[in-house]
Every structure is written in C-alpha cells, then in structure tokens.
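Participant: 3D, please:
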Amino acid sequence: MSNVHLVDHPLVQHKLTLMRRKEASTNSFRRLLNEISMLMAYEVTRDMPMQDIEIETPLETMNAKVIDGKKVVLVSILRAGTGILDGMLSVVPGARVGHIGLYRDPKTLTAVEYYFKMPGEMGERDCIVVDPMLATGNSAVAAVERLKELNPKSIKFVCLLTCPEGIKTFQTAHPDVPIYTAAIDRELNSHGYILPGLGDAGDRIFGTK
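Facilitator: Next up, the predicted model:
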C-alpha cells in the first residue's frame, strides 16, 4: 500500500462518521460529501506544479506563484463521482471535467462502459479520477485503463472509502496510479459492498434505491 494516501485529517474523519450513520438524510449526506471533497482536494493537489506570474499588489509589482487549473482534469465516474466532483470544483474552479459512465453488472460485478467524454489535448493534462467507493475495484480499473488510452501527463484516483480487496485489484492493474482515500474499511461482503462502509453512495447522494 505504498501508493495509498490516507487523508486522516480530523475534520475529514468527523464528517465521514456523520455520513456513515444510516439516519443521515440525503441532504446532509450530499452536503458532507461536498465538504469532505473540498478538504481532500487540498491534499490531492499538494504536489501540483507552480509557476511565477507578475502581479501588482496595492503597494508594488511582484512575482507570485499560481497553478494552471486549466491543465487539471477532474474525471467523474458516473454517477456517484458527481458527489465528489462538485466539492473539488469549488477548490479548483478552472479545472476541465471529463465523465466516464460505468455500471456494475449485478451478476459478474464487472464494469460495463456506456459513456466516455473527455476534454481535448489530454496529453498535456493532469487527471484526478473521482468516485466515492473503491470496492471491488473493477470500475476504477476500467476507468483508468480507458483514460490511459489518451496518455495524460498523470493520473490520481480519489475515493471516500476503500478496502483491502479494492486496493489490491486496483494496484495490480495500475501500480503507477496513487490512491487518495479518507478510510480503508475492513472488507467486502458477498455482494461487493464495503463493510462497515456507508451503503450505496450513489443511492444516498441522489435519494434512490
């Protein structure tokens, strides 16, 4: 797990606990996910390259550092990835956005692609793939595999929760892609859900079953 980054900031862990509670409403679950995503964005973008530009303060001209947000692509794995996407865009509003539509076959638990739309010039861009759950790992593996066909400069994967099985599957396929997560839970159950987990993230974000 050398390429796994656990974001264990107290604010992140506190909000995650509130999200896990089964009595959390759709509204509060969505709001907390947005807040956690903003907090995690700080950690995920910690090593982003900077450049100097000349600006004028009220007192004088100076060289100051900025990031080029337009070179960053936030890639949302539909549909639940939208919950993380909104919070991260609040922090990096200049980022471009890509979408990968995947659903998990209920019998085989494998990922099936139904949508793929990315910005142009991906070879110049740093990609941050977002999905609340890294459970079986199959959807994340398929998404990153598809993304690598466009040869982006770099790829990171961000999730709220994961488990040892999901990490193993993902790292076996993509050992070069770092994982950022707020928690590594105990295990998967026979239906491919994380335990203790927080249920189906998509259903809890959108109020569906």
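Participant: for residue 91, what are its contacts?
Facilitator: Listed by C-beta atoms under 8 Å, 6 or more residues apart in numbering, the contact set of residue 91 reads 38, 41, 42, 45. All C-beta atoms are positioned from the backbone trio N, CA, C, and that covers glycine.
Participant: Pretty sure the second one sits in a helix.
Facilitator: Yes - counting by DSSP: H, G, I helix; E, B strand; the rest coil, one finds residue 41 located in a helix.
Participant: Could you tell me how many residues sit around it?
Facilitator: Residues lying near residue 41 (other C-beta atoms under 10 Å) number 23.
Participant: Model confidence for it, exactly?
Facilitator: With respect to pLDDT, residue 41 scores 93.
Participant: Next: residue 6.
Facilitator: Residue 6 is assigned 96 on the pLDDT scale.
Participant: For it, list the residues it contacts.
Facilitator: Residues in contact with residue 6, defined by C-beta under 8 Å, 6+ apart, are 181, 182, 183, 184.
Participant: one step back: which one of the contacts of residue 91 sits in the busiest neighbourhood?
Facilitator: Most surrounded of the contacts of residue 91: other C-beta under 10 Å gives residue 41, at 23 neighbours.
Participant: Export only the CA atoms of the helix or strand containing residue 76, formatted as CSV.
Facilitator: Per DSSP states H and E, residue 76 falls inside strand 72-78. What follows is strand 72-78, C-alpha atoms only, in CSV (Å, rounded to 0.1, in the frame of the first residue of the first chain):
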residue,chain,number,x,y,z
VAL,A,72,-6.2,19.8,-14.5
VAL,A,73,-9.0,17.4,-15.5
LEU,A,74,-11.4,16.1,-12.9
VAL,A,75,-12.7,12.8,-14.2
SER,A,76,-16.0,11.7,-12.7
ILE,A,77,-17.1,8.1,-12.8
LEU,A,78,-20.8,8.3,-13.2
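Participant: So which of the contacts of residue 6 are in helices?
Facilitator: Judged by DSSP state H, the subset of these located in helices is empty.
Participant: Most widely separated two among these?
Facilitator: 182 and 184 (9.1 Å; C-beta to C-beta).
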